[in-house]
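>>> What follows is a predicted protein model with its sequence.
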Amino acid sequence: MKVSVIVPYFKGASYLEECVGSIVEQGLREVEILIVDDRDGHDVPESVLAVEQVKHIRLEQERDADDFFEQRRRFLAERGLEEEPGSGEEGHPFGVAAARNAGVRHAAGEYLYFIDAD
């Protein structure tokens, strides 16, 4: 039985290292750890990427990123709302929900587990 552990990553490298170490220490034989990088400009530490069970996913590489931002613009426009300053596609994060959804799309496990790095 393979378990996919989905970890959204937004800054906090020290937390991520501790989180991944804790998952590995659980002793699950078949586990994949999906680190979903929310393109915040902070790289995932090499020590985390070196862990055999880790798979790194960057949201900016997701093919539906443009669709995400277009749908968001349309949603806000239909409701007469404005973009919040500092949000959007110019290097700013998608958000934890988008990260988790991307993790689900890439997961190969029979079971899914969601955990935050902190």
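Thanks, I have it.
>>> At which residues are the helices of this structure located?
All helices of the chain, identified by DSSP state H, fall at 13-25, 46-49, 65-78, 96-106.
>>> For those helices, which has the smallest mean pLDDT value?
When the helices of the chain are compared on average pLDDT, helix 65-78 comes out lowest at a mean of 78.
>>> and it with helix 96-106, angle?
140 degrees (axes from the mean of the first three to the mean of the last three Cα atoms, to 10 degrees).
>>> Alpha carbons of helix 65-78, in PDB - could you do that?
Extracted in PDB, the C-alpha atoms of helix 65-78 (Å, rounded to 0.1, in the frame of the first residue of the first chain):
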ATOM      1  CA  ALA A  65      -1.000  28.000 -14.200                       C
ATOM      2  CA  ASP A  66      -2.300  30.400 -16.800                       C
ATOM      3  CA  ASP A  67      -5.800  29.000 -16.600                       C
ATOM      4  CA  PHE A  68      -5.600  29.500 -12.800                       C
ATOM      5  CA  PHE A  69      -4.800  33.200 -13.100                       C
ATOM      6  CA  GLU A  70      -7.300  33.700 -15.900                       C
ATOM      7  CA  GLN A  71     -10.100  32.100 -13.900                       C
ATOM      8  CA  ARG A  72      -9.100  34.200 -10.800                       C
ATOM      9  CA  ARG A  73      -9.200  37.400 -12.800                       C
ATOM     10  CA  ARG A  74     -12.700  36.500 -14.300                       C
ATOM     11  CA  PHE A  75     -14.000  35.500 -10.800                       C
ATOM     12  CA  LEU A  76     -12.900  38.900  -9.300                       C
ATOM     13  CA  ALA A  77     -14.100  40.900 -12.200                       C
ATOM     14  CA  GLU A  78     -17.600  39.300 -12.200                       C
END
